[in-house]
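J.: Have a look; sequence and predicted model below, questions after that.
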Amino acid sequence: MSPVSKPLLKTVMGERQERPPLWIMRQAGRYLPEYRAVREKVGGFLELCYTPEYAAEVTLQPLRRFDLDAAILFSDILVIPDALGQKVRFEVGEGPLLEPITPEGLGKLKPDAVLDHLAPVLETLRRVTAELAPDKTMIGFCGSPWTVATYMINGSGSPDQAVARVFALTQPEAFARLIDMLVEASTAYLVAQFRAGADVVQLFESWALNLDEEQFAAYVIEPNRRIVEAVRREIPGAPIIGFPRGAAAMLPVYAEKTGVNALGLDYMTPVAAIDKALPAALPVQGNLDPLRLIAGGEQMEARVEAIIAGFAGRPHIFNLGHGIVPQTPIAHVERLVEIVKRGR
Ligand code: CP3
């Protein structure tokens, strides 16, 4: 399929559109009753990720309801540790739980098993691309190494990533081995996603916050840069969106040094200031506060128009500034899509 007919892909590749194309982070998920129905039928969350028939179905569900410009592969950033052999569980109401990794435990991980373990996810991608309308962009993704490492080291999410930050500072050699392993596994996984039909991939660096500038350069920029470079060695010109959540003043240097095509912005990022700070042609994605979508109404509509107006001079993909939350009313999502596509 030539990219000419896919507005979202064209935007990632640097072409400004009259109104921004859009997708919604976590667009498949618990705010949709049809997702909850499939989820109940399958049982566990990881089982859903590893069952192509159901994972393809939930990937396509949001596009049946809303006029979105992209499908995003249904999976999770934590399938990489799972594939490396570190057991991952999802407990209702608790989020992900892993057996925390130790320097000794690193040697037991199995980097060679990753693509075999993830074969069902790649099959999901093939099934979805076979069904997707030609004007829709297929987005693949993985977690960035630092973000995935914070879960592997701490054993769960944490508000400040303190355990992982101390590990990185006190066990630099083990930390470097872990990051190397994640760079390699993520590269292989993303290359396989492009070969299975992804048009674009997004690097989710959800925990780019809480780092000083040197840690940010070493833990965030350098591993993301290595992935971008290594993926493009296999897939020349591979379109990549980087989403370093919380990067704040380090966004411009992240974009410049990693070489991503487009920069995902969290909702804390001030629109006019970042528009001024970034190269004029750099595509951006974002950045509505997901809680504005729960509340809906005038405040949401005004903010959507302010974001669109603020980025009107450059290629812009509309999105939330973080994932949609389960209590979001579907009618508000319908209204959001309507005003992004046609204006108020
Ligand atoms: O965007 C999409 O629709 C694609 C699917 C997707 C999921 N997770 C499905 C999911 C994507 C792209 C992710 C990325 C992800 N996963 C991130 C990065 C983005 C972000 O939000 O910062 C992170 C940090 C994770 C790890 C993760 N997975 C957490 C912390 C949780 C629990 C939080 C929660 O909402 O319960 C998950 C579970 C998860 N991943 C769900 C979904 C739909 C909910 C699980 C369920 O159905 O019970």
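T.: Yep, it's here. Residues are numbered from 1 along each chain as shown.

J.: Going by C-alpha atoms from here, please, whenever you check contacts or count neighbours.
T.: Noted.

J.: Could you pull up the residues touching the nearest residue to Asp266 once chain neighbours are set aside?
T.: Spatially, and ignoring its direct neighbours in sequence, Asp266 is nearest to Gly321 (3.9 Å; C-alpha to C-alpha, 6 or more residues apart in numbering). Counting by C-alpha atoms under 8 Å, 6 or more residues apart in numbering, Gly321 makes contact with 264-268, 286-290.

J.: And Gly321, how close does it get to the ligand?
T.: 10 Å (C-alpha to the nearest ligand atom, to the nearest Å).

J.: Next, that residue: phi, psi?
T.: Gly321 adopts backbone torsions of phi -90, psi 0, taken as degrees, to the nearest 10.

J.: Likewise for Glu91?
T.: phi -100, psi 140.

J.: distance of it from Arg165?
T.: For Glu91, the distance to Arg165 (C-alpha to C-alpha, to the nearest Å) stands at 25 Å.

J.: Looking at those two, which is more packed in?
T.: Arg165 (21 against 11; other C-alpha atoms under 10 Å).

J.: just checking, the more buried one is part of a strand?
T.: No: if the criterion is DSSP: H, G, I helix; E, B strand; the rest coil, then Arg165 is helix and not within a strand.

J.: any idea how far it lies from the ligand?
T.: Arg165 is 17 Å from the ligand, by C-alpha to the nearest ligand atom.

J.: burial of Lys41, as a residue count?
T.: 10.

J.: hang on, the earlier thing: so which of the contacts of Gly321 are in strands?
T.: 264, 286-288 (DSSP state E).

J.: How much space separates Leu291 from Ser75?
T.: On the measure of C-alpha to C-alpha, Leu291 and Ser75 end up 23 Å apart.

J.: Please say which of those two ends up with more neighbours.
T.: Neighbour comparison, Leu291 and Ser75: the larger count goes to Ser75, with 21 against 17 (by other C-alpha under 10 Å).

J.: Need the per-residue pLDDT for the more buried one.
T.: What the model reports for Ser75 is a pLDDT of 98.

J.: what does the one 5 residues further on give?
T.: Per-residue confidence (pLDDT) for Ile80: 98.

J.: Make sure it is actually in contact with Val114.
T.: Yes: the criterion here is C-alpha atoms under 8 Å, and Ile80 meets it with Val114 at 7.2 Å.

J.: Overlap of the contact sets of those two?
T.: Counting by C-alpha under 8 Å, 6+ apart, the shared contacts of Ile80 and Val114 are Ala185.

J.: quick one: which of these two has more around it?
T.: Applying other C-alpha under 10 Å to Ile80 and Val114 shows that Ile80 carries more neighbours, namely 24 against 21.

J.: tell me the contacts of the more buried one?
T.: Ile80 neighbours (C-alpha under 8 Å, 6+ apart): 114, 182, 185-186.

J.: Whichever strand or helix holds Ala130 packs against which elements?
T.: In the assignment (DSSP states H and E), Ala130 maps to helix 119-131. Judged by 3 or more C-alpha pairs under 8 Å, 6 or more residues apart in numbering; DSSP states H and E, helix 119-131 is in contact with helix 52-65, helix 172-195.

J.: redo that, cut-off 10 Å
T.: Contact here means 3 or more C-alpha pairs under 10 Å, 6 or more residues apart in numbering; DSSP states H and E; on that basis helix 119-131 packs against helix 45-49, helix 52-65, strand 70-72, helix 114-117, strand 137-143, helix 172-195.

J.: how about the first one: buried residues?
T.: If I follow you right, that is helix 45-49. 45-46, 48-49 (16 or more other C-alpha atoms under 10 Å).

J.: what do you get for the second one?
T.: Under the neighbour-count criterion of 16+ other C-alpha under 10 Å, helix 52-65 has 52, 54-63 buried.

J.: touching the ligand at all, it?
T.: No: taking C-alpha under 6 Å from any ligand atom as the criterion, helix 52-65 and the ligand are apart, separated by no less than 7.0 Å.
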